[in-house]
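Chemist: build me a structure from this.
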Amino acid sequence: MITVQAPDGVGEVRRGDDLADLLLAALTGGHLADGDVVCVTSKVVSKAEGRVMVGDRAAAILGETRRVVARRGPLTIVVNRLGLTMAAAGVDASTVTQGHVVLLPDDPDASARALRERIAARAGVNVGVLVTDTAGRTWREGQTDLAVGAAGVRVLDDHAGRSDGYGNELEVTAPAVADELAGAAELAAGKRGRRPFTVIRGRGDLVLRPGDHGPGAVALLRPDGADLFGLGAREAVLAALGARDDDRTAFGTPVEADELVAILTTLTGAEVHRQDGEIRLAPADARVRWAAEVAAYAHGWEALTADQPGVRLRPVSP
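Modeler: Alright, predicted model coming up:
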């Protein structure tokens, strides 16, 4: 059985506050046990660590942004400095004094480790700790909480090599259990109840032994170029047309030659063939040539020359 408790009675968190003390004080009539998972919102972690700043939210977002993914009106989705893809870079202007904004913790995994160690020292128990924040999801409306920091918790439950109930071998099934726990915590705590801590009991199998903090929530981040949606639809078109070297990573690794040959054949109608590790074609006119080079860029290939009648292409990273 899994139980989720979100204690009341936590007041305003300020810089320098000891989160372990606040949690243990809030657990009136209750206690922590080995194998519990403690979830704490990133906002109170940030407040305790002094990650509240005075100033303009737009400027704060810019400062926290590593790469813009998509823009739609006032909404901006970015990859922030932590590698998280989030709206507004995770900068929050709610439940904070007007004129102030809250930034994400400087290192959420380190924050989780520090809190786990502090709880162990104070309460003598081995718990896992998750730092949670709210994010939207591609393809679906609404938001849910996910883990941006983790310590002492298996963040992925990799089923590769196991079999299902019908004997079929599982190859890619890997539940993001840290995010599932974060969602359960948010469901119990609510958004406006001033319950920044949640204790989940019943999944001790996910909690690591004392001293083993695990890989952290950073292990849930896909490497650059491995995300199929590294850019928004409009942004991907503009990036391909611009063909800047700085934008290549968002398109992922180069496709296999046979795949690009099929794409270019359909797109240009020209004769496309492979030769000496390259792809070559003779487009009918400049417009078709340009389309071929744009398509090649978007698939991780580049044109070798621009002053010959034919087009020679090679993968950027063979």
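Chemist: the nearest residue to residue 255 once chain neighbours are set aside - how many residues pack around it?
Modeler: Residue nearest to residue 255 in three dimensions, not counting chain neighbours: residue 299, with 4.6 Å by Cβ to Cβ, 6 or more residues apart in numbering. C-betas here are computed from N, CA, C, even on glycine. By other Cβ atoms under 10 Å, the residues close to residue 299 number 21.
Chemist: which ones are touching the closest residue to residue 230 other than its chain neighbours?
Modeler: Leaving aside its chain neighbours, residue 230 sits nearest to residue 250 (3.5 Å; criterion: Cβ to Cβ, 6+ apart). Residues in contact with residue 250 (Cβ atoms under 8 Å, 6 or more residues apart in numbering) are 67, 224-225, 230-231, 236, 239.
Chemist: isn't there a strand covering residue 185?
Modeler: No: assigned with DSSP: H, G, I helix; E, B strand; the rest coil, residue 185 falls outside any strand and is helix.
Chemist: relative to residue 174, how far out is it?
Modeler: 21 Å (Cβ to Cβ, to the nearest Å).
Chemist: the two: which is more packed in?
Modeler: Taking neighbours as other Cβ under 10 Å, residue 185 and residue 174 compare with residue 185 leading, 27 against 14.
Chemist: C-alpha coordinates for the longest helix along the chain, CSV please?
Modeler: Ranked by number of residues, the top helix in the chain under DSSP state H is helix 108-123. Output of helix 108-123 as CSV, limited to C-alpha atoms (Å, rounded to 0.1, in the frame of the first residue of the first chain):
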residue,chain,number,x,y,z
PRO,A,108,18.6,20.7,-7.4
ASP,A,109,20.4,17.4,-7.1
ALA,A,110,22.8,18.9,-4.6
SER,A,111,19.9,20.4,-2.7
ALA,A,112,18.3,17.0,-2.5
ARG,A,113,21.5,15.4,-1.2
ALA,A,114,21.9,18.1,1.4
LEU,A,115,18.3,17.6,2.7
ARG,A,116,18.6,13.8,2.7
GLU,A,117,21.8,14.0,4.8
ARG,A,118,20.3,16.5,7.2
ILE,A,119,17.2,14.3,7.7
ALA,A,120,19.4,11.3,8.4
ALA,A,121,21.4,13.3,10.9
ARG,A,122,18.3,14.7,12.6
ALA,A,123,15.9,11.8,12.5
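Chemist: direction included, what does the next helix or strand after that helix pair against?
Modeler: Where DSSP states H and E defines the elements, the next helix or strand beyond helix 108-123 is strand 128-137. Strand 128-137 pairs in its sheet with strand 37-41 (parallel), strand 140-151 (antiparallel), by DSSP bridges.
Chemist: name the residue closest to the centre of the chain, please.
Modeler: Taking Cα atoms, centre = their mean, the centroid of the chain lies closest to residue 84, which sits 3.7 Å from it.
Chemist: now do the contacts for it.
Modeler: 90, 104, 135, 148, 221.
Chemist: let's go with 7 Å and repeat that
Modeler: 90, 148 (Cβ atoms under 7 Å, 6 or more residues apart in numbering).
Chemist: relative to residue 136, how far out is it?
Modeler: 12 Å.
Chemist: got it, and residue 230?
Modeler: Distance, residue 230 to residue 136, by Cβ to Cβ: 16 Å.
Chemist: kindly report the same for residue 3.
Modeler: For residue 3 relative to residue 136 (Cβ to Cβ), the value is 28 Å.
Chemist: how about residue 60?
Modeler: For residue 60 relative to residue 136 (Cβ to Cβ), the value is 19 Å.
Chemist: the nearest residue to residue 121 once chain neighbours are set aside: what secondary structure?
Modeler: Nearest residue to residue 121 in three dimensions, chain neighbours excluded: residue 20, at 8.0 Å (Cβ to Cβ, 6+ apart). Under three-state DSSP, residue 20 falls in the helix class.
Chemist: burial measure for residue 20, as a count.
Modeler: The local packing of residue 20 (other Cβ under 10 Å) involves 22 other residues.
Chemist: let me see the ranges of the helices in the stretch 151-300 of the chain.
Modeler: 177-189, 233-242, 257-268, 286-298 (DSSP state H, counting those that start in this stretch).
Chemist: so residue 230 and residue 136 - more neighbours on which side?
Modeler: residue 230 (21 against 14).
Chemist: what pLDDT does that one get?
Modeler: We have a pLDDT of 91 for residue 230.
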